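Q: coordinates only, sequence not included:
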C-alpha cells in the first residue's frame, strides 16, 4: 500500500509551516492551515488522526533545546519516524527511545554513523538524502557526490526507508521531477519516499506509477489539496 506520511515540523512546542528549508522564516502552521485551528502538535494529531507521521524536531536540528516530551506522546498515538539531526550513536539511541524509527540525514550524519547505526538497528534506520538546489547537503566527503551515485552506494547498507528530501521544494507545492525519481528507483534496492513539492492526488498517482513506496506531505494537506483520508 502506498504510504502518505504526514509531516510535523516542530519548533518550540509548535508545529510550523516549513518552506524551502529556510527555517528562520517558519511560522505557526495554524496561520496557514485550512484543516486545523491550532499549532499544538497533540491537538493536530488528535484532530487529523494521521496513521503515520514524520517529525522533524527543529530545536534539536538547530541545537536549541528539544521537543522530546511531545515527540514521545505523538509516538503513543501514531506510527512515528523522527529526525532529530542525529550526528552520534547517542542521538540514534535516543531517537529509538522517543519514536518508532529514526531518520539519519546527510545534512548531519557521517558514513561511520550510518555504518554503526545500521549494524545496531538493522532495517530500522531511515536515511534521508537532503537535497537543496540540486546538491546534496552534507559535511561528509563520501556523501558529497551526485544523488544517483549516493543512491547506489547506500545499497550496501541495511536501511529501512530511503527518503529523497528536496528541501528547496518543501512547502512550495511546486511539483515533482518524475525523470529524476525514476532514476532513483531504478538504481536503489530500498523503498523510496519523497519529501517536497507534492501538489495533489495527481502527483501522488504519478509517484505510484514511478514506483515510490510513499510520500511525505504537509502543505498539500493544510491547504486542502489532499483529502484527510489519505493520511489517516
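A: Cool, the structure landed. Being a predicted model, the structure only gives us computed values, none of them experimental.
Q: tell me the contacts of the residue nearest the centre of the chain?
A: In the chain, the residue lying closest to the centroid (C-alpha atoms, centre = their mean) is residue 54, at 5.4 Å. Taking C-beta atoms under 8 Å, 6 or more residues apart in numbering, we find residue 54 in contact with 5-8, 80-83, 103, 195, 216. For glycine as for every other residue, the C-beta is placed from the backbone atoms N, C-alpha and C.
Q: State the distance from residue 159 to residue 185.
A: Per C-beta to C-beta, to the nearest Å, residue 159 is found 15 Å from residue 185.
Q: Please identify which of these two sits among more neighbours.
A: Higher neighbour count among residue 159 and residue 185: residue 159, with 23 against 18, using other C-beta atoms under 10 Å.
Q: pretty sure the more buried one is touching residue 127, no?
A: Yes: with contacts counted by C-beta atoms under 8 Å, residue 159 reaches residue 127, the gap being 4.9 Å.
Q: Residues in contact with stretch 108-118: which ones?
A: Contact partners of stretch 108-118, identified using C-beta under 8 Å, 6+ apart, comprise 61, 85-89, 92, 102, 104, 125, 127, 139-140, 142-143, 157-159.
Q: Tell me which helix or strand residue 103 sits in.
A: strand 101-105 (DSSP states H and E).
Q: From the contact counts, what lies against that strand?
A: Under the contact definition 3 or more C-beta pairs under 8 Å, 6 or more residues apart in numbering; DSSP states H and E, strand 101-105 sits against strand 79-83, helix 89-98, helix 111-120, strand 125-132.
Q: would TSV of these with mean neighbour count be doable?
A: Formatted as TSV, the entries for the helices and strands packed on strand 101-105 read as follows, by neighbours: other C-beta atoms under 10 Å:
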stretch	mean neighbour count
strand 79-83	24
helix 89-98	18
helix 111-120	17
strand 125-132	23
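Q: Out of these, which gets nearest to residue 232?
A: strand 79-83 (12.0 Å; C-beta to C-beta).
Q: Not counting its own residues, what contacts the closest one?
A: 5, 51-57, 61, 71, 74, 95, 98-103, 105, 126, 128, 161.
Q: List the buried residues for the helix or strand encompassing residue 74?
A: Using DSSP H and E, residue 74 sits within helix 68-77. Residues 68, 70-71, 74-75 are the ones in helix 68-77 that count as buried (16 or more other C-beta atoms under 10 Å).
Q: Out of those, which is nearest to residue 227?
A: residue 74 (21.8 Å).
Q: where do the helices sit along the protein?
A: 41-48, 58-61, 68-77, 89-98, 111-120, 147-154, 178-187, 201-210, 219-222 (DSSP state H).
Q: Relative to the whole chain's centre, how far out is the helix holding residue 74?
A: Between the centre of helix 68-77 and the centre of its chain there are 17 Å (C-alpha atoms, centre = their mean, to the nearest Å).
Q: so what secondary structure elements neighbour it?
A: strand 3-11, helix 41-48, strand 52-57, strand 79-83, helix 89-98.
Q: Try it again at 6 Å.
A: If you count contacts as 3 or more C-beta pairs under 6 Å, 6 or more residues apart in numbering; DSSP states H and E, helix 68-77 packs onto helix 41-48, helix 89-98.
Q: could I get the ones you listed as JSON lines with distance to residue 200?
A: Shown next, in JSON lines, are the helices and strands packed on helix 68-77 (distance: least, C-beta to C-beta, whole Å):
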{"stretch": "helix 41-48", "distance to residue 200": "18"}
{"stretch": "helix 89-98", "distance to residue 200": "32"}
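Q: What is the burial count for residue 209?
A: Counted with other C-beta under 10 Å, residue 209 comes out at 10.
Q: Filter the contacts of stretch 108-118 down to the buried ones.
A: Looks like the contacts of stretch 108-118 have 61, 85-87, 92, 102, 104, 125, 127, 140, 143, 157, 159 buried, using 16+ other C-beta under 10 Å.
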